[in-house]
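A structural model of the following input is requested.
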Amino acid sequence: MSDSYILYPGCSMESSARAYYDSLKAIAGVIGLRLHEIDDWNCCGATEYLGIKLTPAYALISRNLALAAQQATETHTVVAPCSACYLNLAKADYYMQEQPLLGQHVNEALAAGGLSYKPGSLDIRHLLDVLVYDIGLDTIKSKVVRPLTGLRVAPYLGCMVPRPDYDHRWSDHEYPVELDLLLNALGAEVIEFPLKTECCGGHMTQISPDTAFELIRRLISAADSHQADIMTTVCPMCQMNLDAYQSETNKQFHTSFRMPIVFFTQLMGLAFGLEAKDLGFGQELVSARNALSKIGIEHPAEAPTGTAKPKKDGSLPMPAPLPPRNMHVVGKDKVAK
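The predicted structure is shown next:
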């Protein structure tokens, strides 16, 4: 079995989920996971395009598959750490096989950029799947030098990884155990978490905040009631919603949750003896300081809040304010009515 994979990082890994990307690269070196990023990849479209028109949506997604297939040399397995990206790539590949006319339309669109994709020619998998079933729990356990003994962890997958599971990879669609097993291999105390595949609210935070905050409240409340020290997830959207909107959820429901939400790769890095600052700790909004102190690990200093970022040298000047509506500009420094 190859330890080399084609990596589709997705947009979040370079922005809001930078801690996920940093910790993935850090642990990859420890466990011998070789990742080759797709050259010139583009956004998978998240979920928005699929609700508008199928051909442009699947063409946007399939451009990444076409590029991956072009660049495939050692392997034909594409790994997506982001759950939304994984689902979209797998969905496009599946439906292009199931609906040949859709595949034809998508390839007509790809042809405009000199690309084409044969559905089914790539194996599309989530990072957790690869770590558990290819790298293996025994290998992961053998790399642990600092077990997470005593750390109570709530394992949260979210709704997009175990369902619809086109290739039947997961142990169960409602209560999969892969993340639990990995955390056990790290020495953590994994709590029973019945909501592990429930939705975090996704983009409902922008459309219907009240609905999203209720979903967030349920998840954090469940982890808190089971006395979890920390929640860990495999999904950038889930991490952002539970972390960034936790304070708003507290305001909405008059609660006082302070549940840190981190990526599972960050916990792997800690167990492997890597420095917390190199794994993205300190980037979370709800600090994981107390959780890390429980296992004797110093949390990096958080960035100060409430201070403006210094302006970068060479940045573009801001445009001049628009004149009042009853005026028009007649010169650089002259305004007339």
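
In terms of secondary structure, what does the helix or strand hosting V79 contact?
Take DSSP states H and E as the rule and V79 turns out to sit in strand 77-80. Judged by 3 or more C-beta pairs under 8 Å, 6 or more residues apart in numbering; DSSP states H and E, the packing partners of strand 77-80 are strand 4-7, helix 83-98, strand 123-126, helix 127-130. Glycine gets a C-beta too; all of them are placed from N, C-alpha and C.

can you rerun that using 6 Å?
In terms of contacts (3 or more C-beta pairs under 6 Å, 6 or more residues apart in numbering; DSSP states H and E), strand 77-80 is packed against strand 4-7, strand 123-126.

Switch these over to a markdown table; also include mean neighbour count and mean pLDDT.
Listed next are the helices and strands packed on strand 77-80 as a markdown table, based on neighbours: other C-beta atoms under 10 Å; pLDDT from 0 to 100:
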| stretch | mean neighbour count | mean pLDDT |
| --- | --- | --- |
| strand 4-7 | 21 | 96 |
| strand 123-126 | 22 | 97 |
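
Show me the helices in this structure, by range?
Ranges of helices in the chain, per DSSP state H, are 18-31, 54-71, 83-98, 100-111, 127-130, 137-142, 178-185, 204-207, 209-225, 236-244, 246-253, 264-271, 289-294.

of all the ones you listed, which gets the most neighbours per residue?
For those, average neighbour numbers computed from mean count of other C-beta atoms under 10 Å are highest in helix 264-271, which has a mean of 26.

Quick one: distance of that one to the chain centre.
Distance, stretch centre to chain centre, for helix 264-271: 15 Å (C-alpha atoms, centre = their mean, to the nearest Å).

now swap in stretch 230-246 and tell me
The answer for stretch 230-246 is 9 Å, by C-alpha atoms, centre = their mean.

ok, and what's touching it?
For stretch 230-246, the surrounding residues in contact (C-beta atoms under 6 Å, 6 or more residues apart in numbering) are 12, 16-17, 82-83, 128, 153-154, 156-158, 200-201, 205, 216, 223, 259-262, 264, 267, 284-286, 291.

avg pLDDT for it?
Mean per-residue pLDDT for stretch 230-246: 97.

Kindly report the same for stretch 219-227.
The average pLDDT for stretch 219-227 rounds to 98.

Can I get that stretch as CSV, trimmed to CA atoms?
Only the C-alpha atoms of stretch 219-227 are listed here, as CSV (Å, rounded to 0.1, in the frame of the first residue of the first chain):
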residue,chain,number,x,y,z
LEU,A,219,-23.3,20.0,20.6
ILE,A,220,-21.4,22.0,23.1
SER,A,221,-23.9,21.3,25.9
ALA,A,222,-23.6,17.5,25.2
ALA,A,223,-19.8,17.7,25.4
ASP,A,224,-20.0,19.7,28.5
SER,A,225,-22.5,17.5,30.2
HIS,A,226,-20.2,14.5,29.6
GLN,A,227,-17.4,16.5,31.2
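
who's in contact with that stretch?
With C-beta under 6 Å, 6+ apart as the contact definition, stretch 219-227 has outside contacts at R152, A154, I191, L195, M231, F257, M259.

So which residue is smack in the middle of this protein?
Nearest to the mean C-alpha position of the chain, counting by C-alpha atoms, centre = their mean, stands P236 at 2.6 Å.

rewinding a little: check which residues of the strand holding V79 are buried.
By 16 or more other C-beta atoms under 10 Å, the buried positions in strand 77-80 come out as T77, V78, V79, A80.

In terms of residue numbering, what are the domains of the protein?
Using automatic domain parsing, the domain parsing of the chain gives 4-126, 137-294.

Turn the ones you listed into TSV, including distance to P300.
Shown next, in TSV, are the domains of the chain (distance: least, C-beta to C-beta, whole Å):
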stretch	distance to P300
domain 4-126	11
domain 137-294	4
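
residue contacts, the residue nearest to S293 when sequence neighbours are not counted?
Nearest residue to S293 in three dimensions, chain neighbours excluded: H299, at 7.0 Å (C-beta to C-beta, 6 or more residues apart in numbering). If a contact means C-beta under 6 Å, 6+ apart, then H299 has F281, R289, L292 as its contacts.

10 Å - rerun?
260, 276-277, 281-282, 284, 287-293 (C-beta atoms under 10 Å, 6 or more residues apart in numbering).

And the furthest pair within those residues?
K277 and N290 (17.2 Å; C-beta to C-beta).

any idea how far D22 is from G280?
Counting by C-beta to C-beta, to the nearest Å, the gap from G280 to D22 is 5 Å.
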